[in-house]
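Enquirer: Kindly return the folded structure for what I paste below:
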Amino acid sequence: MSGQKHSLGVGLIGSGFMGHTYARAVSTLVEGAHLAGVATGSRAPDLATEYGVPFYDTYEALAASPDVDLVCVGTPHAQHAEHALAAIQAGKHVLIDKPMATTLEDCDAIAAEATARNLKCSVMFTQRNRVGVRAAIELITSGRVGRVMHIRTCQMVPNGMHAVPKWQMKPENAGLLLGHGIHNFDLLRVLTGSEFGSVFAKCRTMTGAPVEGTTDAIVTMKDGTIHYVFCSFELPKPGFPRSEFAARVICEEGLIDIDPYDETRVACGGRGWESLAKQPPIDWAGQGYLDPNRLQTYAATVQDLVNAVHEEREPRVTAWDGRQAVAAALAAYESSKLGRDVAVR
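Expert: Residues are numbered from 1 along each chain as shown. Now for the predicted structure:
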C-alpha cells in the first residue's frame, strides 16, 4: 500500500468536533486522498450520510476495510491508543489528534507497532502549520536572529472550562495541560531544536473543576536553555489580547512575538517591531469552525502524511514528536505532585 500513487482512502474514528473537522478538510482541501468512511460516536451515521461515505458499526470494522488506507483518530484522549493500535494492527497509516496518548507506554506501543509494520504515524499539532509559527520557524532556521535563548509561551482561554467538551473534564483524559497545553510544549521543541531535559510545574484548578485548569511550568531543555509555559482555561472574559495561544521568543540577535491567530512580529538588528506574518482571520460568526482558514492547518498535516505515504518518507510530525510532548506534560503533572523538578523520560 505504501508508495502507491492512488488516492488514499481516509477513515475517521470519531464523529464529533474533530470528526467534522477532518471530514471537511479531507474532502475539500487535501489532494491524493478521499474520505472513505466514519465510525464511532452518536453523530457518525449522520456524518457519513452528509459526505456520502460508508458508516461502520465499529472502529474495528472501519480499520479492517480494504477501502481505508489511512485512519484519522479524533476520539477522547483516553481512547487514542486503543483506536490507533487497532488501525495500525489492521495495516493502516494513522494520524492521531493530540495528545498522541495519555501514557508514555501507550505512545511507545503505537510507535513500535507502526515501525514494525512499516506504517506512517503522525500527530495533529495544529500550531506548527499556522502562518505565524511557520514564519517564526523559518526565521530562526535562517540564522538571522541567532540562537533561541528563552521562550515564554502561553495559552489563555477565557471561560475555557465551560467551552471544552464534558469528556475533557473526566480524569481519564488527564486534563487541560495534556489536552491543550501540549501545543506549547511541542512549540518549545520546534523553536529550540532541542529535546526536553526537565520540568518544574504547579498544576491546579482555581475554579473547583474536576481536573487541572491552570498550569505554570518552567522547562529546561537539553541545550541548557530555560523556558516558561503558562496554560489556563480559568480566566474571566474577555481575557488578554494576543494570549489565546502565543509565544515571545528571545534570540541572540532579535525578538519574535508570535500570535498564530493574528499577526506575528519581529524586531531584529536594533530596529523596531515589523510584521513577519499575518494569519487570515477565522469567520467564527459565519462559516464557524469549518472556515477554510481554520481548516488550513489540519489539511496541511493530513496532506503531509498523505505525501509521506506516497513518497515513502517520514511525515514532518512524527510519532516521536507526539511522544515527547506527552512526556513533558506528564512530567509537569508529576512535578506538581512531588513539588520538585522532574526529568522528562
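
Enquirer: Go ahead and produce PDB holding the CA coordinates of stretch 99-117.
Expert: Listed next in PDB are the C-alpha coordinates belonging to stretch 99-117 (Å, rounded to 0.1, in the frame of the first residue of the first chain):
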ATOM      1  CA  PRO A  99      -2.300  14.200  22.500                       C
ATOM      2  CA  MET A 100      -0.900  11.100  21.000                       C
ATOM      3  CA  ALA A 101      -2.000   9.100  24.100                       C
ATOM      4  CA  THR A 102      -2.300   9.600  27.800                       C
ATOM      5  CA  THR A 103       0.700   7.500  28.900                       C
ATOM      6  CA  LEU A 104       4.200   7.100  27.600                       C
ATOM      7  CA  GLU A 105       3.800   3.300  27.500                       C
ATOM      8  CA  ASP A 106       0.900   3.800  25.000                       C
ATOM      9  CA  CYS A 107       2.800   6.300  22.900                       C
ATOM     10  CA  ASP A 108       5.800   3.900  22.700                       C
ATOM     11  CA  ALA A 109       3.500   1.000  21.800                       C
ATOM     12  CA  ILE A 110       1.900   2.900  19.000                       C
ATOM     13  CA  ALA A 111       5.300   4.000  17.600                       C
ATOM     14  CA  ALA A 112       6.700   0.400  17.900                       C
ATOM     15  CA  GLU A 113       3.700  -1.100  16.100                       C
ATOM     16  CA  ALA A 114       3.900   1.400  13.300                       C
ATOM     17  CA  THR A 115       7.600   0.900  12.800                       C
ATOM     18  CA  ALA A 116       7.300  -2.900  12.900                       C
ATOM     19  CA  ARG A 117       4.700  -2.800  10.100                       C
END
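
Enquirer: and that stretch, average pLDDT?
Expert: Averaging the model's pLDDT scores along stretch 99-117 yields 98.

Enquirer: Offset the numbering so it begins at 24, please.
Expert: OK, 24 is where the count begins now, so the last one is stretch 122-140.

Enquirer: Does residue 105 belong to a helix, a strand or coil?
Expert: The local conformation at residue 105, judged by DSSP: H, G, I helix; E, B strand; the rest coil, is helix.

Enquirer: Show the pLDDT at it.
Expert: 98.

Enquirer: and if you look at the one 10 residues further on?
Expert: Model confidence at residue 115, given as pLDDT, is 98.

Enquirer: Could you list everything the spatially closest residue to it that is not a sequence neighbour pairs with in the sheet?
Expert: Nearest in space to residue 115, with sequence neighbours left out and distances taken as C-beta to C-beta, 6 or more residues apart in numbering, is residue 94 at 4.8 Å. Placement of C-beta: from N, CA and C, glycine included. In this structure, residue 94 has beta-bridge partners residue 34, residue 117, where bridges are defined by DSSP bridges.

Enquirer: The helix or strand of the chain with the lowest mean pLDDT packs against which elements?
Expert: Across the helices and strands of the chain, mean pLDDT, DSSP states H and E gives its lowest value to helix 183-186, namely a mean of 93. Using 3 or more C-beta pairs under 8 Å, 6 or more residues apart in numbering; DSSP states H and E as the contact criterion, no helix or strand is in contact with helix 183-186.

Enquirer: Run through who's touching that helix.
Expert: Residues lying outside helix 183-186 but in contact with it, judged by C-beta atoms under 8 Å, 6 or more residues apart in numbering, are 180, 192, 199, 230, 232, 236, 255-258.

Enquirer: try stretch 210-221
Expert: If you take C-beta under 8 Å, 6+ apart as the criterion, stretch 210-221 is touched by 150-151, 156, 159-160, 163, 171, 174, 176, 208, 242-246, 248, 250, 252, 270, 272, 344, 347-348, 350-351, 354, 364-367.

Enquirer: Quick one: the strands in the stretch 74-223 of the chain, in order.
Expert: The residue ranges that make up the strands of the stretch 74-223 of the chain, judged by DSSP state E, counting those that start in this stretch, are 78-79, 93-96, 116-120, 144-147, 171-179, 219-227.
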